[in-house]
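> predicted model follows, preceded by the sequence.
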Amino acid sequence: MKIDILTLFPNMFNGAFEESIIKRAIDSSKVEIKLHNFREYTKDPHGKVDDTPYGGGPGMVLSCQPIFDCVEKLKGEKTKVILLTPSGIKYQQKIAYDLSHEEHLIIICGHYEGFDERICSIVDLELSIGDYVLTGGEIPAMVLVDSIVRLIPGVINERSHLEDSFNSNYLLDYPNYTKPRVFKGMEVPDVLLSGDHEKIKEWRYNESLKRTKERRPDLLKGDDSLE
Ligand code: ADE
């Protein structure tokens with residue numbers, strides 16, 4: 001998979017893809033990630049990429065031209081163009097799965113007060129990572145890349161992500177424990193030491209269900225259905 005990220009702040013990504021699983025995926029050519037500062041594409045003599053909004057109002061709005069030109073240069077036949085904005089549809093694991101099968105993604109990071117609406121005409125998908133407003137799309141882009149790249153076949157053990165929260169039955173993950181058996185007086189549940197795999201499976205399912213009912217009852221209503 002190829003991922004091109006359009007941003008005015010490429011330095012924000014320093015380090016983000018240079019550790020752990022994403023670094024391994026890059027090193028083994030499972031993914032190629034490139035950053036593009038779209039300020040380099042502006043035709044404005046002063047290097048401007050934004051302007052005041054028509055109709056008045058606070059802040060600046062990202063202009064069409066630099067982003068159109070940058071996308072046009074990078075886009076191929078099988079490219080999916082994504083725009084990160086708090087006004088997008090809510091990003092979910094199901095979308096991460098779908099995107100992990102794409103050949104080429106272009107991710108546009110919005111910034112400042114907003115962007116010229118005509119930019120949406122070259123975008124396939126507008127995504128929000130949650131109901132809060134960040135200063136720009138850079139951190140959401142890191143969230144997207146991390147959650148998509150780990151799902152590319154061969155990047156991590158497939159069993160690991162099949163058991164993720166939000167996959168099987170839309171339940172949150174069950175509690176996990178490792179050695180030692182007792183830590184500061186807190187014990188590992190006996191069932192996990194029993195060696196009885198059927199019982200362990202049942203216990204984990206019940207714990208997942210209990211946790212989901214307490215913390216995310218919306219998932220049980222199927223609001224975030226994978227279908
Ligand atoms: N830009 C600012 N806030 C955002 C959000 N919640 N999701 C995606 N892009 C954003």
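Nice, thanks for sending it over.
> enumerate the residues of this structure near the ligand.
With the criterion set to Cβ under 6 Å from any ligand atom, the chain comes near the ligand through 84-86, 110, 128-130, 132-134, 136-137, 140. For every residue, glycine as well, the C-beta is placed using N, CA and C.
> in the lowest-mean-pLDDT helix or strand in the chain, which of the residues would be classed as buried?
Using mean pLDDT, DSSP states H and E, the weakest-scoring helix or strand in the chain turns out to be helix 158-162, at a mean of 72. For helix 158-162, burial by neighbour count (16 or more other Cβ atoms under 10 Å) applies to His161.
> need the CA coordinates for it. CSV is fine.
C-alpha atoms of helix 158-162 as CSV (Å, rounded to 0.1, in the frame of the first residue of the first chain):
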residue,chain,number,x,y,z
GLU,A,158,-4.0,-12.0,12.0
ARG,A,159,-5.3,-13.7,15.1
SER,A,160,-4.3,-10.6,17.1
HIS,A,161,-6.6,-8.3,15.2
LEU,A,162,-9.4,-10.8,14.8
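> which elements pack onto the top helix by length along the chain?
Secondary structure of the chain per DSSP state H: the longest helix is helix 197-215. Where contact means 3 or more Cβ pairs under 8 Å, 6 or more residues apart in numbering; DSSP states H and E, helix 197-215 is packed against helix 217-220.
> list the contacts of the helix it packs on.
Under the criterion Cβ atoms under 8 Å, 6 or more residues apart in numbering, residues Phe166, Tyr170, Leu171, Leu172, Thr212, Lys213, Asp224 lie in contact with helix 217-220.
> give me the three-state assignment for the residue most central in space within the chain.
Nearest to the centroid of the C-alpha atoms of the chain, with distances taken as Cα atoms, centre = their mean, sits Leu144, at 1.9 Å. Three-state assignment for Leu144 (DSSP: H, G, I helix; E, B strand; the rest coil): helix.
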